[in-house]
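Peer 1: Sequence first, then the predicted structure, then my questions.
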Amino acid sequence: MAEPKSPRLHWEDFPVGQVREFGGTTVSREGVLAFAQAFDPQPFHLDDAAADASLFGGLSASGWHTCAMTMRMMCDAYLLDSASLGSPGIDSLRWLQPVRPGDTLRVRMEVLQARPMASKPHVGLVRCAWTVLNQHGTAVLAMEGWGMFRRRHAAGDPA
């Protein structure tokens with residue numbers, strides 16, 4: 001088995017004000033239907049006629065599916081190459097517009113706060129705002145939350 005590689009990104013690599021843009025996931029009809037069948041089987045996520053008659057006016061991805069696709073883009077863009085220690089949670093989440101089969105999604109991430117964790121000096125907290133945009137530049141999802149990352153050099157650690 002291959003040795004795990006050292007993470008490239010640590011808490012210090014997420015300064016306040018930093019903006020990252022990433023992604024490019026195209027939403028498939030099959031993916032919308034499969035996710036809905038497994039996790040959110042509401043008719044407007046599964047059935048064209050029901051979706052056409054709904055407030056959405058057509059088949060749309062579950063908001064939770066949009067969150068899952070966003071998480072995958074985050075993992076591919078930076079989390080899997082970081083010293084991520086998970087997250088204590090999301091403070092806000094809004095689904096702003098329907099996500100349709102054929103849409104291509106990208107993420108804009110802005111670092112809002114960054115501070116060492118008082119109780120665990122080897123851990124840094126990062127609060128971010130993520131906006132998911134479709135191919136037209138329309139925001140379809142907005143969320144804010146915290147991530148925990150290992151610090152390269154915590155207070156008191158040898159440099």
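Peer 2: Received the coordinates, thanks. Residues are numbered from 1 along each chain as shown.
Peer 1: all contacts plus neighbour counts: C-alpha atoms, from now on.
Peer 2: Will do.
Peer 1: What are the contacting residues of the lengthiest helix in the chain?
Peer 2: Counting residues, the longest helix found in the chain (DSSP state H) is helix 63-77. With contacts defined as Cα atoms under 8 Å, 6 or more residues apart in numbering, helix 63-77 is touched by 22-23, 25, 32, 35-36, 40, 95, 99, 106-107, 132, 141.
Peer 1: what about the closest residue to Trp146 other than its chain neighbours, is that helix, strand or coil?
Peer 2: Residue nearest to Trp146 in three dimensions, not counting chain neighbours: Arg127, with 4.3 Å by Cα to Cα, 6 or more residues apart in numbering. Put simply, Arg127 is strand when judged by DSSP: H, G, I helix; E, B strand; the rest coil.
Peer 1: Tell me the bridge partners for Arg127.
Peer 2: Gln113, Trp146 (DSSP bridges).
Peer 1: What is the burial count for it?
Peer 2: By other Cα atoms under 10 Å, 21 other residues sit near Arg127.
Peer 1: and what of the one 5 residues further on?
Peer 2: Applying other Cα under 10 Å, we find 25 other residues in the vicinity of Val132.
Peer 1: Which element, helix or strand, includes it?
Peer 2: strand 120-133 (DSSP states H and E).
Peer 1: could you measure the closest residue to Phe35 other than its chain neighbours against Gly31, distance?
Peer 2: Nearest residue to Phe35 in three dimensions, chain neighbours excluded: His65, at 6.5 Å (Cα to Cα, 6+ apart). From His65 over to Gly31 the distance is 9 Å, taken as Cα to Cα, to the nearest Å.
Peer 1: Please say which of these two ends up with more neighbours.
Peer 2: The neighbour comparison of His65 against Gly31 (other Cα under 10 Å) goes to His65, with 20 against 14.
Peer 1: Look at the more buried one and report its pLDDT.
Peer 2: On the pLDDT scale, His65 is placed at 98.
Peer 1: how about Asn134, what does it touch?
Peer 2: Neighbouring residues of Asn134 by Cα under 8 Å, 6+ apart: 99, 103-106, 140.
Peer 1: same thing but at 7 Å, please
Peer 2: Neighbouring residues of Asn134 by Cα atoms under 7 Å, 6 or more residues apart in numbering: 103-106, 140.
Peer 1: Identify, from those residues, the entry nearest to Pro15.
Peer 2: Nearest to Pro15 among the contacts of Asn134 is Arg106, at 21.3 Å by Cα to Cα.
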